[in-house]
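**Student:** Sequence first, predicted model second:
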Amino acid sequence: MLAALTAERHVLLEGPPGTGKSTLLRAVASELGVGFEFVEGNAELTPARLVGHFDPARVITDGYSPDVFVDGPLVSALRDGSLLYVEEINRVPEETLNVLVTVMSEGEIHVPRLGHVAASSGFRMVAAMNPFDAVGTARISGAIYDRVCRLALSYQQADEEAEIVRRAVGSQPVDPAWLAGVVEVVRRTRTHPDLRVGSSVRGAIDTALVASSLAALRESTPTDPVVGLDAAMVALSGRVRLREGSSRSAEEIVTELWNAVFAASRGDGEGKAMAPAGADNDRRAVHSPM
């Protein structure tokens, strides 16, 4: 990443959510000592929102003068020689992507009634994208790929994810073995046969934080089996995506994974973590005959 940006190349970061794309870029920008313009990629990102616009109220009184133009993130990055970070570029409309292609090719942009805005030294675009098959994404054109250096990111190793979670929980006391178990549960969601999408490390962070708060409310500890499982339900059930046609619920799968990991960590098959209140009723409702 540092080498590509130092060589004044544009970069595409490709990987699933929660693999640290934004974190990586912010750290690199800080290391390089350059500015940082953030753009959230979505279907509403029009060329005008990316480039900028003339203030309508001032145009009436002052006309189309340069000082009436309100810079968008692209023009700001060009003028300042900053990094332009486009998040989720494969959600951006094609007409907006065409603007970026022109800038990457020519190093400048022509804005009607404003003129040419040339890139100052240091300007580079860094785009991030989730895998193509994620909901709401589209394939980006070969013109984009031809103008960037691609860096593929995947999930971290288990010990690295555990360290990420440990740092995120800060000064709160957390049993390292329990934390490693939480990370293992999250990692197993990514390979479970009934899940199309698993959780990122953010799910482990939220499980640890919610368990700590829930334990305080119940005058218990995060390592209590019921407390931990309830926290995992809250943190993970909305993050995972079931495969089409699966008859199971997200809550059932989270319970299965939690019990499998923490029963194994105790070295026995007894005393598995209890399901949260109502879970058994929900499970019977799912499987009971009509």
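**Tutor:** All right, it came through fine.

**Student:** can you give me the helices for the stretch 101-250 of the chain?
**Tutor:** Under the criterion DSSP state H, counting those that start in this stretch, helices of the stretch 101-250 of the chain are mapped to 142-145, 158-169, 176-189, 201-217, 225-236, 250-266.

**Student:** wait, which of those is closest to Phe123?
**Tutor:** helix 142-145 (16.8 Å; Cβ to Cβ). The way it works is simple: take the backbone N, C-alpha and C, and place the C-beta from them, glycine included.

**Student:** Give the buried residues for that closest one.
**Tutor:** Ile144 (16 or more other Cβ atoms under 10 Å).

**Student:** Please state the offset of it from the chain centre?
**Tutor:** With Cα atoms, centre = their mean, to the nearest Å as the basis, helix 142-145 stands 22 Å off its chain's centre.

**Student:** Comparing the helices of the stretch 101-250 of the chain, which comes out most buried?
**Tutor:** With neighbours taken as mean count of other Cβ atoms under 10 Å, these reach their highest mean count in helix 225-236, at a mean of 22.

**Student:** Just send the helices of the stretch 101-250 of the chain back as CSV, with distance to Val117 too.
**Tutor:** Below are those laid out as CSV (distance: least, Cβ to Cβ, whole Å):
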stretch, distance to Val117
helix 142-145, 21
helix 158-169, 39
helix 176-189, 45
helix 201-217, 37
helix 225-236, 45
helix 250-266, 48
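
**Student:** how much space between the closest residue in space to Pro93 that isn't next to it in sequence and Glu94?
**Tutor:** The shortest distance from Pro93 to any residue other than its chain neighbours is 6.2 Å, reached at Ala43 (Cβ to Cβ, 6 or more residues apart in numbering). Per Cβ to Cβ, to the nearest Å, Ala43 is found 11 Å from Glu94.

**Student:** Can you pull the phi and psi angles for the residue nearest to Pro93?
**Tutor:** The phi and psi torsions at Ala43 (degrees, to the nearest 10) take the values phi -70, psi -20.

**Student:** Number the residues from 57 up from this point.
**Tutor:** Fine by me, first position is 57 from now on; the one you just mentioned is Ala99.

**Student:** residues near it, how many?
**Tutor:** 11 (other Cβ atoms under 10 Å).

**Student:** Report the separation between it and Asp286.
**Tutor:** 36 Å.

**Student:** so what are the domain limits for the protein?
**Tutor:** If you go by automatic domain parsing, the domain ranges for the chain are 58-208, 214-336.

**Student:** mind checking the SS state of the residue lying farthest from the centre of the chain?
**Tutor:** For the chain, the residue at maximal distance from the C-alpha centroid (Cα atoms, centre = their mean) is Thr117, at 43.6 Å. Under DSSP: H, G, I helix; E, B strand; the rest coil, Thr117 falls in the helix class.
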